[in-house]
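> here is a sequence with its predicted model. Questions after.
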Amino acid sequence: MRFINPKTDFAFKKIFGSEQSKDILISFLNALLYDGNSTIEDLEILNPYLAPKIRGVKDTYLDVKAKITGDKTVIIEMQVLNVEGFEKRILYNAAKAYSIQLDVGENYHLLNPVIALTITDFEMFTNWDKVISRFALKEQDYLVDYSIYDIELVFVELPKFNKELAQLETLTDKWIYFLKTARSLETVPEEIGEIPEIQKAFAIANRCNLTREELEDLSHREIYIQDQRNAITKAVKQGREEGREEGLKEGRKEGMKEKALEIAKRLIDVGLDDQTISQTTGLNLEEVRNLRVN
């Protein structure tokens, strides 16, 4: 068997956001949000996947949106490219999902909590090794909750998950392992296939079960992602090479700074974040931000 890559937005939505995926999504969300406990008993998928109407390029739309037990809304996004402004987009989508619950004139007490669950194929928070990170509004000094998690941001960073098959213990481990490795597998491992919902997810991810149109959409999306990754890699490599060459030729601090600014502008054009540009060029974050504004 060959499985589609669940880390692409196309495949992720098909696996977790289809009409037949309700039980899969319940298990998945209980694993990532509630440590595998059966907290979510029921849900409604608010934007179900309809093949083959899939966009070729992701902008600001969500992969899956669901209303879960307790009238909470969960917005779920799978992101494979670390593009500029991504962290702000997550907060924007969460705030928007929270605010649009009310019609004109309705009382604020009708607002229900929103959870933004984001799975990334890159590291977002380099200061710690936690695979799953949670953010909520709190008082800065006393860490008191502002409004009992009315808006909660949850991040799952796949590169930080390094457990092998034999090390998987929890339902959380098994779902993250599925996301990270499904594409490279040829059979369903017994260790995770024993979970009915994961077994069903593998069945949906089986290439043999996709239509020709779906396979074409998937291929277009994978080509786009690879092209973007190659563009970023090329820009970084070219920037480093040009920086070294210019430094050898001029040997002057002023010349190297000017070249670093030129390289930084190119990296901004291909969508790299400020932190990566700073590390690549040697410019400080303020200098990079000034370039972006100007």
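Alright, I've got the coordinates. Bear in mind that the values here come from a model prediction, so they are computed numbers and not experimental data.
> and the helices in the protein?
9-17, 22-33, 86-99, 171-181, 190-193, 196-205, 212-250, 253-269, 274-281, 285-293 (DSSP state H).
> deepest-packed of those helices, please.
Mean neighbours per residue, mean count of other C-beta atoms under 10 Å, is largest over the helices of the chain for helix 9-17, with a mean of 25. Just so you know, the C-beta spots here come from the backbone N, C-alpha and C atoms, and that holds for glycine as well.
> other residues contacting it?
Contacts with helix 9-17, where a contact means C-beta atoms under 8 Å, 6 or more residues apart in numbering, come from 4-6, 21, 24-25, 28, 45, 47-49, 51, 54, 58, 63-64, 76-78, 80, 119, 201, 204-205, 214, 217-218, 221.
> now that helix - C-alpha only, PDB.
The C-alpha trace of helix 9-17 is given here as PDB (Å, rounded to 0.1, in the frame of the first residue of the first chain):
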ATOM      1  CA  ASP A   9      -3.400  20.500   3.500                       C
ATOM      2  CA  PHE A  10      -5.300  18.600   0.800                       C
ATOM      3  CA  ALA A  11      -4.700  15.200   2.400                       C
ATOM      4  CA  PHE A  12      -5.200  16.500   5.900                       C
ATOM      5  CA  LYS A  13      -8.600  17.800   5.100                       C
ATOM      6  CA  LYS A  14      -9.700  14.700   3.300                       C
ATOM      7  CA  ILE A  15      -8.600  12.400   6.200                       C
ATOM      8  CA  PHE A  16      -9.900  14.500   9.100                       C
ATOM      9  CA  GLY A  17     -12.600  16.800   7.500                       C
END
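> check the offset of that helix from the chain's centre.
Mean-position distance between helix 9-17 and its chain equals 13 Å (C-alpha atoms, centre = their mean, to the nearest Å).
> about what we covered before: hey, least reliable of the helices of the chain by pLDDT?
Lowest mean pLDDT of these: helix 212-250, a mean of 65.
> for the stretch 1-150 of the chain, what are the low-confidence residue spans?
49-62, 147-148 (pLDDT under 70).
> and the strands in it?
43-45, 64-68, 72-79, 114-120, 132-136 (DSSP state E, counting those that start in this stretch).
> as TSV, those with distance to I263 would be great.
Listed next are the strands of the stretch 1-150 of the chain as TSV, based on distance: least, C-beta to C-beta, whole Å:
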stretch	distance to I263
strand 43-45	45
strand 64-68	38
strand 72-79	25
strand 114-120	26
strand 132-136	31
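> could you dump those strands to CSV with mean neighbour count?
Converted to CSV, the strands of the stretch 1-150 of the chain look like this (neighbours: other C-beta atoms under 10 Å):
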stretch, mean neighbour count
strand 43-45, 16
strand 64-68, 21
strand 72-79, 22
strand 114-120, 23
strand 132-136, 15
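> want to try CSV for the helices of the chain, with distance to L143 as columns?
Putting the helices of the chain into CSV (distance: least, C-beta to C-beta, whole Å) gives the following:
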stretch, distance to L143
helix 9-17, 33
helix 22-33, 21
helix 86-99, 20
helix 171-181, 25
helix 190-193, 36
helix 196-205, 35
helix 212-250, 37
helix 253-269, 36
helix 274-281, 26
helix 285-293, 27
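> to R134, which of those lies closest?
helix 22-33 (8.9 Å; C-beta to C-beta).
> what comes into contact with the closest one?
So helix 22-33 is contacted by 15-17, 36-43, 45, 64, 66, 68, 74, 76, 115, 117, 132, 154, 156, 170-172, 174-176, 195-198, 200-201, 204 (C-beta under 8 Å, 6+ apart).
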